[in-house]
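J.: Coordinates for the following, if possible.
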Amino acid sequence: MALVDDDAAGRAAALTALGLEPAAAATAARSAKATAALLDAARVAGIDGPPELTGEAAASGGGRGGGGGKDSFRKPPASLLNTALVKLPPSIPEADRAVLFRAIGARRVATMPQLDAGLVHLAAAAAAGDAVTPAGLDEAAGVGVVIADADINAAVAAVLAERSADIAARRYRTPVGSLLGPALARLRFADPGRVLPVIQEQLAGVLGPKTEADLAKPVKLSKAAKAAAAAATTAAAAAASATAAAPAVASATGAVGGADAPLAEAPPSAAGATRAGAPPAPLSASDAAAVDKAGEDLLAGVPNTMSARLLKDMENSPELLAAAKAATGGGVVTRFPPEPNGHLHVGHAKAMFMDFGVARKAGGACILRFDDTNPVTEKVEYMDSIQEMVRWLGHKPTRVTYSSDYFDRLYELAEELIDRGKAYVCHQTSAEMKAGRETKTDSPWRNRSVAENRRHFAAMRAGRYAEGTAVLRMKIDMGSLNPCMQDPIAYRIKYAPHPHVGDAWCVYPSYDYTHCIVDSLEWVTHSLCTLEFEIRRDSYYWLLAALDLYRPFVWEFSRLTLAHTVVSKRRLAQLVSTGTVRGWDDPRMSTLVGLRRRGYPAEAINRFCAAVGVSRGENLIPLHVLEHWVRTHLDSSAPRTLGVLHPLRVTLTNFRGNGRDGDVDGVEVLSVANHPKNAAMGTRSVPLTREVFIDRADFRETDAKNYYGLAPGKTAMLRGAYPLRVTGVRRHADGTVAGLEAELDYGRTTKPRGVLHWVSAAVGHHAAAEVRLHSPLFRSADASKLGSDDWLADIDPTSEEVVAGAVVEKGLADAVTAGDRFQFERVGYFCADPDSRPGLVVFNRIVSLRESTGRAGIGS
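T.: Below you'll find the predicted structure:
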């Protein structure tokens, strides 16, 4: 299929004709290069249009590609090709790509799990230098695998047994989605549409008929009561989980027993009220309902077991296991280890949710550790911001540490590594080291004697070498297919003061050297990280084994990628340095300081992290998922107020002020509820005067069906006041509408369907406001995948709209402080911005009142 024109619309039409979904076609068509690549892939695959499924395949989704299921499970070939092109690394040879494309075209690879497995196979083959064959791809991608009903039943039963304590406590309020993920992990190529009904059926069989407590609405409690209930249930869950767990230390360390690690036994509490193995204290019905709302659902998003690639070097000796148990008391220890070279972003929110959540679920400890090994890029400003964001999200580290606190010990261990013949000082340039890894050629200094290496390493420490002229490298395996095993750097020279330890050092350890050792020194039991670090798993355990140090259990999970955002610190810093955004805390940024300035509540972000769950598969989360949790939280917590973005002046010709006819300068003070569903929020006084502002969008000169605003002669209700009917229209010289005249229906004899928000137009009874409306900064959903030449061009120049002439209630402007959140009735949720100043309050729109569809959801 050839392109018939060069414009985006023509490219989109060509891709749609190929069978690609219209939205995906429109996105791909923005790039002529991407369109050409997809059309070329379709040619190789033998695809010239949408697939035609008939018979059993159409009804069941096919038999060979993963066991059947709903039609939505089997993806159109064009969709799979599009996804493959986005995910395929450039290093994959064209011949191997063609094998995958033809498998997609033949419908042998027809689902996303199959495609993901196929991509992993291609990457492994490329790393090994092997050619991909159709038979090898079919085996790796599960072609021909049939998931029997018995397999599904067995997997679901195992998951329910594993989660039995949580299910017994929560009964029918157990989120089914929290059971689906673990079940699918056991059924690699299964259709979720077949698994979900089995979960529901078995869950009902385990719990039996719903009781009155199951059917009762959750009881709302005060914050203090919720916190107490959450704490009690958390402790009980930890104890119950400990009773069913495998032996604590062996499980936590991922020792000889294998690469499946349940959470370890929880240590006794300080007060001794809850101890491992003790029966959980009973909760009242109201407490249980409150916990369901206030935190236990967050813990349901934390996995109970973790499976990872098994390596021989993972194994701890009995002596190390005993030392670990003595140091930890047999409990779980995790760590959140950010590098302080930038502000945290939304991906770190998920990392914190995991690191602190695993510890909290097991009654263990979580350390906040700064991985501060590069003094050139790290700043105290970032360290302070990171601690602030950790607190903002509600996490409480057991302690705060710095990798630089261990610099003396790390240096000693580097000397020991040299003494064991497993490290050497190298004088190759960066380019020479890169070439050596590509050709798998040893460094000419690799076989220096121990004495020589100790002498040169001491010279590095003493500042006798210039930067870039000497490094200490770990002596692993230059012939390895894993580049992280090809003698990675352990120490390099940097003549720069360190933000935490000053100028005591001129040699600094690398991340690959430091991270695993400090994990071991701090007796971390569960070292959690995102999947891009999976390739470092081998070097992590090699180094600990080389030094005979304790080995934590390492588990990798998918990073949180939010649609229409980037999270690369380098790219975020470039947006700031070029003035593309207002700063690191620009409300359009994916940084946590940006989300906070936007007005996103910390509680909503945590619930979002729990809702998206944890997996080991790459995923792109649509913005509306995050917005749902933000909107849900604000609906119950945000006080209501009145604000008009585009004011139109209305004169109430029959206004009678404080009750006397003709009192045109008077004020009628209305008592208006601050929240329609929460009387505890109280009321406020709102002044009604002879002139009010309504929004221009609420008046049309020609009425229409299903339009409930004002039109000449038409009536609508002023929120919290009276109906009003338009009796006249004032115009500017050019004929445009300048204002309206209307009459109030004081007797409320009419009941109009339309309700209008409004603000008094009288001097001293309203305040000027600037309102900033934000939409996604990037047009493309998967903006993080755009290349260095494309990502800046993808920025939407209209992503911030500044409304300069808005008006709000005077009482709101007088009392508001930066960070306060409100619902502007009928408009959306808004947050006061730090740019507010005397005489002008500035608001950022957080989210709209209702979920929007499409890309503009976050700002529409």
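
J.: list the contacts for the closest residue to residue 346 other than its chain neighbours?
T.: For residue 346, ignoring the flanking residues on the chain, the nearest one in space by C-beta to C-beta, 6 or more residues apart in numbering is residue 590 at 4.9 Å. Where C-beta positions appear, they are placed from N, C-alpha and C, glycine not excepted. With contacts defined as C-beta atoms under 8 Å, 6 or more residues apart in numbering, the neighbours of residue 590 are 345-347, 562, 565-567, 572.

J.: neighbours around residue 557, how many?
T.: Residue 557 has 21 neighbouring residues, counting by other C-beta atoms under 10 Å.

J.: With residue 582 instead?
T.: The local packing count at residue 582 equals 18, with neighbours defined by other C-beta under 10 Å.

J.: Return the subset of the contacts of residue 590 lying in strands.
T.: Residues from these lying in strands, with DSSP state E as the criterion: residue 562.

J.: Show only the entries of the contacts of residue 590 found in helices.
T.: Counting by DSSP state H, these place 346-347, 572 in helices.

J.: out of the residues you listed, which one sits closest to residue 512?
T.: The shortest approach to residue 512 among the ones in helices among the contacts of residue 590 belongs to residue 347, at 20.7 Å (C-beta to C-beta).

J.: Pull the most distant pair out of the contacts of residue 590.
T.: Using C-beta to C-beta, the contacts of residue 590 span at most 13.0 Å, a distance reached by 562 and 572.

J.: Between those two, which is the more surrounded one?
T.: Under the neighbour definition other C-beta under 10 Å, residue 562 and residue 572 were set side by side, and residue 562 has more, 26 against 22.

J.: so residue 411 is in which element?
T.: Counting by DSSP states H and E, the secondary-structure element that holds residue 411 is helix 407-419.

J.: which element follows whichever strand or helix holds residue 298 toward the C-terminus?
T.: For residue 298, the enclosing helix or strand under DSSP H and E is helix 296-299. Counting by DSSP H and E, the next helix or strand C-terminal to helix 296-299 is strand 305-307.

J.: Give the buried residues for that next one.
T.: For strand 305-307, burial by neighbour count (16 or more other C-beta atoms under 10 Å) applies to 305-306.

J.: And stretch 695-709, by the same measure?
T.: Using 16+ other C-beta under 10 Å as the test for burial, stretch 695-709 gives 695, 698-699, 709.

J.: can you put those residues in a markdown table and add distance to residue 129, secondary structure and pLDDT?
T.: As requested, the buried residues of stretch 695-709 are exported to a markdown table (distance: C-beta to C-beta, whole Å; DSSP: H, G, I helix; E, B strand; the rest coil; pLDDT from 0 to 100):
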| residue | distance to residue 129 | secondary structure | pLDDT |
| --- | --- | --- | --- |
| 695 | 66 | strand | 97 |
| 698 | 68 | helix | 96 |
| 699 | 71 | strand | 97 |
| 709 | 68 | coil | 95 |
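
J.: of the residues you listed, closest to residue 34?
T.: Of the buried residues of stretch 695-709, the one sitting nearest to residue 34 (C-beta to C-beta) turns out to be residue 695, at 40.9 Å.

J.: need the contact list for the closest one.
T.: Contacts were defined as C-beta under 8 Å, 6+ apart; by that measure residue 695 touches 644-648, 756-757, 827.

J.: Excluding sequence neighbours, find me the nearest residue to the residue nearest in space to the middle of the chain.
T.: Note on the chain: the residue nearest the mean C-alpha position is residue 560, at 4.0 Å, using C-alpha atoms, centre = their mean. Across the structure, with C-beta to C-beta, 6+ apart as the measure, the residue nearest residue 560 apart from its sequence neighbours is residue 350 (3.9 Å).

J.: in which helix or strand would I find the one you found?
T.: Using DSSP H and E, residue 350 falls within helix 346-361.

J.: Can you classify residue 394 as helix, strand or coil?
T.: The three-state label given to residue 394 by DSSP: H, G, I helix; E, B strand; the rest coil is coil.

J.: Now it: closest residue in space, sequence neighbours ignored.
T.: Taking C-beta to C-beta, 6+ apart as the measure, residue 394 lies nearest to residue 602, with 5.9 Å between them; neighbours along the chain are not counted.

J.: quick one: that neighbour and residue 391 touch, right?
T.: No - with contact defined as C-beta atoms under 8 Å, residue 602 does not count as touching residue 391 (9.3 Å).

J.: So those two - more neighbours on which side?
T.: Just comparing residue 602 and residue 391: by other C-beta under 10 Å the higher neighbour count belongs to residue 602, 18 against 13.

J.: Contact partners for that one?
T.: Applying C-beta under 8 Å, 6+ apart, the residues near residue 602 are 392-394, 596.

J.: let's see 7 Å
T.: Remark: with contacts taken as C-beta atoms under 7 Å, 6 or more residues apart in numbering, residue 602 is in contact with 392-394.

J.: can you give me how far stretch 764-776 is from the chain middle?
T.: If you compare the mean C-alpha spot of stretch 764-776 with that of the full chain, they lie 29 Å apart, counting by C-alpha atoms, centre = their mean, to the nearest Å.

J.: buried sites along it?
T.: By neighbour count with 16+ other C-beta under 10 Å, stretch 764-776 contains the buried residues 765-767, 769-776.

J.: Go through those residues and name the one nearest residue 25.
T.: Closest to residue 25 out of the buried residues of stretch 764-776 is residue 776 (19.2 Å), distances taken as C-beta to C-beta.

J.: so how far is residue 565 from the closest one?
T.: Noted for residue 776: a distance of 7 Å to residue 565, by C-beta to C-beta, to the nearest Å.

J.: Check residue 654 too.
T.: Spatial separation of residue 654 from residue 565 under the definition C-beta to C-beta is 52 Å.

J.: now residue 159
T.: With distances defined as C-beta to C-beta, the gap from residue 159 to residue 565 amounts to 32 Å.

J.: likewise residue 582?
T.: Separation of residue 582 from residue 565 (C-beta to C-beta) stands at 16 Å.

J.: just residue 465 next, same as before
T.: Using C-beta to C-beta, which is the criterion applied here, residue 465 is 42 Å from residue 565.

J.: The two - which one has more neighbours?
T.: Using other C-beta under 10 Å as the criterion, residue 465 and residue 565 rank with residue 565 on top: 25 against 18.

J.: Leaving out sequence neighbours, find the closest residue to the more buried one.
T.: Once chain neighbours are set aside, the closest to residue 565 by C-beta to C-beta, 6+ apart is residue 590, at 4.0 Å.

J.: Ok, residue 568 next?
T.: Setting aside the residues directly before and after it, residue 568 is nearest to residue 784 in space (C-beta to C-beta, 6+ apart), at 6.9 Å.

J.: my guess is the one you found meets residue 566, correct?
T.: Yes - between residue 784 and residue 566 there is a contact at 5.0 Å, judged by C-beta atoms under 7 Å.

J.: So between these two, which is more surrounded?
T.: residue 566 (25 against 21).

J.: ok, and the helix or strand in the protein with the lowest average confidence?
T.: Across the helices and strands of the chain, the lowest-confidence element by mean pLDDT, DSSP states H and E is helix 248-253, at a mean of 33.

J.: rewinding a little: by neighbours, which of the contacts of residue 602 wins?
T.: For the contacts of residue 602, neighbours were counted by other C-beta under 10 Å; the highest total belongs to residue 393, with 20 neighbours.

J.: separation between the closest residue to it other than its chain neighbours and residue 709?
T.: Taking C-beta to C-beta, 6+ apart as the measure, residue 393 lies nearest to residue 602, with 4.9 Å between them; neighbours along the chain are not counted. Spatial separation of residue 602 from residue 709 under the definition C-beta to C-beta is 37 Å.

J.: Sketch out the low-pLDDT regions of the protein for me.
T.: Residues of the chain that meet the criterion pLDDT under 70 lie in 1-6, 51-72, 218-297, 659-664, 851-860.

J.: rerun that using 50 as the cut-off
T.: 1-5, 53-70, 221-259, 264-296, 853-860 (pLDDT under 50).

J.: thinking again about what came up before, tell me how far the helix holding residue 350 lies from the chain's centre.
T.: Mean-position distance between helix 346-361 and its chain equals 11 Å (C-alpha atoms, centre = their mean).

J.: All set now, cheers.
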